[in-house]
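1. Structure here, sequence nowhere to be found:
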């Protein structure tokens, strides 16, 4: 799929995970996936920044991965979703997670790369992807 020049969407701006235990969930992401989580106490949130460049301007932007307490409306809806995380050396990460007693499905090879799936402690489904085409 190619990016349309008319599209206002340039990529992922952020992922927001709502949790009853944002501190513990942020700690899990830091411990098991190595995300450098920063605390934003004014928002009751933890976040990790990922630098990315806009193709046209070359200016640097950040994509955010944010963990925070769900507003009451969202808690009632109880939605589940998948977060795709691009990773380096998927087999090593899978072994690291399994060594920590984190359940991970087998690694699958596809034309787009290697994939594996797991869930965080709140049951959010994570798709781990290593792009082997680069």
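-> All right, it came through fine. This structure is a prediction, so every number in the text was calculated from the model and none was measured.
2. where do the helices sit along the protein?
-> Assigned by DSSP state H, the chain shows helices spanning 22-33, 72-77, 90-99.
3. in the last one, what counts as buried?
-> Taking 16 or more other CB atoms under 10 Å as the basis for neighbour counts, the residues of helix 90-99 that come out buried are 90, 93-94, 97. Bear in mind the C-beta positions are built from the backbone N, C-alpha and C, glycine included.
4. What is the distance between that helix and the centre of its chain?
-> For helix 90-99, the separation from the chain centroid amounts to 16 Å (computed by CA atoms, centre = their mean, to the nearest Å).
5. Need the per-residue pLDDT for residue 31.
-> We have a pLDDT of 96 for residue 31.
6. tally of neighbours for the residue lying closest to residue 27 once chain neighbours are set aside?
-> Using CB to CB, 6 or more residues apart in numbering and skipping the chain neighbours, the partner closest in space to residue 27 is residue 37 (7.6 Å). Residues lying near residue 37 (other CB atoms under 10 Å) number 22.
7. Then residue 86?
-> 13.
8. Excluding chain neighbours, what is closest to it?
-> Leaving aside its sequence neighbours, residue 86 sits nearest to residue 129 (CB to CB, 6+ apart; 5.4 Å).
9. Quick check: residue 102 touching residue 32?
-> Yes - counting by CB atoms under 8 Å, residue 32 is a contact partner of residue 102 at 6.1 Å.
10. if we can go back for a sec, any idea how far residue 123 is from the residue nearest to residue 86?
-> Taking CB to CB, to the nearest Å as the measure, residue 129 falls 20 Å from residue 123.
11. Compare the two (neighbour count), which wins?
-> Using other CB under 10 Å as the criterion, residue 129 and residue 123 rank with residue 129 on top: 17 against 8.
12. Give the bridge partners for that one, please.
-> Judged by DSSP bridges, the bridge partners of residue 129 are residue 86, residue 115.
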